[in-house]
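*Asks:* sequence and predicted structure are below.
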Amino acid sequence: MTPPTATSSSDTMNADTVLALRDFHAFEAFGARFLYMVPSAGIFRMDECGSAILDALESGPLSQDDLVETLQGLFDTDRTLETMAELKEIRAIGGPDAPKEEAPKDLPPADFPLNTMVLNVTNKCNLACTYCYEYGEDKIIDTQYGKQPKFMSEDTAEESVEFLLKQSGDQPRAHMTFFGGETLLNFPVLQKTVAYARRRAAEERKTISFSLTTNATLLKPEIIQWLADNDVGVTVSIDGPKPVQDGLRVFHNGRGTYDVVLPKIKELIATHRSRPIGARVTLTQKHLNVLEIYRHLTDELGFKEVGLAPVTTKDHRDYAITPESKDSMLEQFKELAEEWLQHALRDEHHGFTNVTDTIEEIHKGVSKAYGCGAGLGLLGVATDGDVSLCHRFAGSPEHTIGTVADGVDREKQEQFLVDHHIAEKTDCHKCWARPICSGGCYHEAHVQYGDSSHANLHYCTWVRSWTHTCLEIYGALAERNPRFLERFDA
Ligand code: SF4
Ligand code: SF4
């Protein structure tokens, strides 16, 4: 929480100065009023006088003199002038013709360090989930008949480690995450890569942490033990209770996967205790009981963290979420968010990571020039060593920006950064949620509009409503349990 900076009441204003509201989003928590500033992402708590000034300007611009007169009797003139100056300083108010504030189109430096590399160790999968972005109807890469090998070789994986160590620059820590297809189909290479990366990172006086995503069907005791012993974070792709999971997450012969994964997940959670095991849910029109899914995964299966994401697909698919269903999904998200808040007020953990992640961004004052870190701090590597924007684009020639052997093609990367900058997304320039959203996921945009640089306008209402909810939660914590927010300092 950033307090307004006290400034002299006399600077740059005089009695004739006309003032108007500028670009911010107001929200309330426990009766307190806050402003979320755009594009800076700063948050300010309003006192009574600040609120009164904003209310007075609600119906249109006023001169400084008129404002003072309007508030006469409520606040003394000095206080009104001082608060006006503070509001001007944080750019909540200003001249009616002042140009709209935009984050400058500064590109990140060419040597921007790589934090996270996602290795697609295989593009083969033992499941045939209907909505899969890799094999399903909306795939953008020919993983079946394309040029990439089915499995990443040990040599390519080692080259990837060298690439990560080099591209992480001066950063002492880096993260490697393994992805598929089904990641565990290439478990031998995965094991060797972790050992190799640990040794090489130690030689370079760095540390690398590891994680993977799996559908859990191939987990067995020795793999689980290895994951636990090696402190590899695990996210399980799972959609919920048996009827939900078996609806779309099926083997190639159409058999559901729930009964296969259930005992394996329970053993994973019981054995691997160094890091919380997360569940990653894809929501579709077929099953939208968010609360039931969440409760099943946490209360019955024991997941400590659950993240839910609507399916990425074209609108005409029968599993695509309809606009009406998006509203109901949002209401359920809000119910879980309220539960998250009640836990946080008691200093207790709640596993709904959609809230945790957004609160962390709000707390850190994130104001994004890009929808995510893809193509910059995060890169994906295809099975043949091609480097792409992220795991979802791995193997797509259009989104390849280098190879682990030859490095990043800086010209291509720069062109990507130019094309995808928020400054290019004119639809977003009036949106108060842009510091957090910045146009959203490039893969989602590619599937929806055939253009990764397009803003995800089909999700704007959702994004703004969800961000508002998370701001209210942030404000509530700032008011009643600010110590809880300190955990997001690191
Ligand atoms: S995509 Fe929509 S919600 Fe996101 S920043 Fe752009 S206009 Fe706002
Ligand atoms: S482009 Fe989309 S899928 Fe890829 S890292 Fe960004 S948010 Fe994730």
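*Replies:* Thanks, I have it. Ligands and ions are numbered 1, 2, ... in the order given.
*Asks:* count residues in the vicinity of residue 97, would you?
*Replies:* Residue 97 has 8 neighbours, counted by other Cβ atoms under 10 Å. No exception for glycine: its C-beta is placed from N, CA and C like everyone else's.
*Asks:* near ligand 1, which residues of the stretch 351-490 of the chain show up?
*Replies:* Counting by Cβ under 6 Å from any ligand atom, the stretch 351-490 of the chain comes close to ligand 1 at 427-428, 431, 433-434, 437-440, 455-457, 460, 463-464.
*Asks:* by neighbour count, which of those wins?
*Replies:* For these, neighbours tallied by other Cβ under 10 Å; top is residue 439, 29 neighbours.
*Asks:* contacting residues for that one?
*Replies:* 371, 420, 422, 425, 428, 445, 454, 455, 456 (Cβ atoms under 8 Å, 6 or more residues apart in numbering).
*Asks:* can I assume it sits in a strand?
*Replies:* No: going by DSSP: H, G, I helix; E, B strand; the rest coil, the assignment for residue 439 is coil, not a strand.
*Asks:* mind starting the numbering at 11 from now?
*Replies:* Happy to do that; since the first residue is 11 now, the last one works out to residue 449.
*Asks:* ok, it to residue 216 distance?
*Replies:* To residue 216, residue 449 is 32 Å away according to Cβ to Cβ, to the nearest Å.
*Asks:* sorry, back to before: among the contacts of residue 449, which ones are in helices?
*Replies:* 430, 455 (DSSP state H).
*Asks:* what ranges does the stretch 61-210 of the chain have for its strands?
*Replies:* Here the stretch 61-210 of the chain has its strands, by DSSP state E, counting those that start in this stretch, at 72-73, 103-104, 126-130, 183-189.
*Asks:* most tightly surrounded among these?
*Replies:* strand 126-130 (a mean of 26; mean count of other Cβ atoms under 10 Å).
*Asks:* okay, now the sheet partners of that one, with direction.
*Replies:* Take DSSP bridges as the rule and strand 126-130 pairs in its sheet with strand 183-189 (parallel), strand 388-391 (parallel).
*Asks:* save those strands as JSON lines, and put in distance to residue 459 and mean pLDDT too.
*Replies:* Formatted as JSON lines, these follow (distance: least, Cβ to Cβ, whole Å; pLDDT from 0 to 100):
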{"stretch": "strand 183-189", "distance to residue 459": "24", "mean pLDDT": "98"}
{"stretch": "strand 388-391", "distance to residue 459": "21", "mean pLDDT": "97"}
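*Asks:* looking at those, which is nearest to residue 82?
*Replies:* strand 388-391 (55.0 Å; Cβ to Cβ).
*Asks:* which one of the residues of the stretch 361-500 of the chain next to ligand 1 is nearest residue 228?
*Replies:* Closest to residue 228, out of all of those and judged by Cβ to Cβ, is residue 450, at 32.2 Å.
*Asks:* I'd say that closest one and residue 465 touch.
*Replies:* Yes: contact criterion Cβ atoms under 8 Å: residue 450 and residue 465 qualify, at 6.9 Å.
*Asks:* what parts of the chain come near ligand 1?
*Replies:* So the chain meets ligand 1 at 437-438, 441, 443-444, 447-450, 465-467, 470, 473-474 (Cβ under 6 Å from any ligand atom).
*Asks:* ok, so of those residues, who is nearest residue 392?
*Replies:* residue 450 (23.4 Å).
*Asks:* ok now do that closest one, which residues does it touch?
*Replies:* Contacts of residue 450 by Cβ under 8 Å, 6+ apart are 381, 465, 466, 469, 473.
*Asks:* let's see it at 7 Å
*Replies:* 381, 465, 466, 469 (Cβ atoms under 7 Å, 6 or more residues apart in numbering).
*Asks:* same check, this time on residue 204
*Replies:* By Cβ under 7 Å, 6+ apart, the neighbours of residue 204 are 220, 240, 242.
*Asks:* now do 10 Å
*Replies:* 167, 171, 186, 188, 218, 220, 222, 236, 237, 240, 241, 242 (Cβ atoms under 10 Å, 6 or more residues apart in numbering).
*Asks:* now, which of those lie within helices?
*Replies:* 167, 171, 236, 237.
*Asks:* would a markdown table of these with neighbour count be doable?
*Replies:* As requested, the ones in helices among the contacts of residue 204 are exported to a markdown table (neighbours: other Cβ atoms under 10 Å):
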| residue | neighbour count |
| --- | --- |
| 167 | 26 |
| 171 | 23 |
| 236 | 15 |
| 237 | 28 |
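*Asks:* can you give the domain ranges for the protein?
*Replies:* Per automatic domain parsing, the structural domains of the chain span 28-104, 126-418.
*Asks:* export those as JSON lines, with columns for distance to ligand 2.
*Replies:* Listed next are the domains of the chain as JSON lines, based on distance: least, Cβ to the nearest ligand atom, whole Å:
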{"stretch": "domain 28-104", "distance to ligand 2": "19"}
{"stretch": "domain 126-418", "distance to ligand 2": "3"}
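*Asks:* dump these into CSV; add distance to residue 115 as well.
*Replies:* Output for the domains of the chain, formatted as CSV (distance: least, Cβ to Cβ, whole Å):
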stretch, distance to residue 115
domain 28-104, 12
domain 126-418, 8
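*Asks:* closest one to residue 114 among these?
*Replies:* Among the domains of the chain, domain 126-418 sits nearest to residue 114 (Cβ to Cβ), with 9.0 Å.
*Asks:* gap between the two ends of the closest one?
*Replies:* 15 Å (Cα to Cα, to the nearest Å).
*Asks:* and if you look at stretch 481-500?
*Replies:* OK, stretch 481-500 end separation, Cα to Cα: 20 Å.
*Asks:* what residues does that stretch touch?
*Replies:* Residues contacting stretch 481-500 (Cβ under 10 Å, 6+ apart): 11, 35-46, 53, 55, 344, 347-348, 350-358, 365-366, 368-374, 443, 446.
*Asks:* go with 6 Å
*Replies:* 11, 37, 39-40, 42, 44, 46, 351, 354-355, 369-370, 372-373 (Cβ atoms under 6 Å, 6 or more residues apart in numbering).
*Asks:* where does the protein dip in pLDDT?
*Replies:* Across the chain, the ranges flagged by pLDDT under 70 are 11-23, 25, 144-156.
*Asks:* please consider this matter closed, and thank you.
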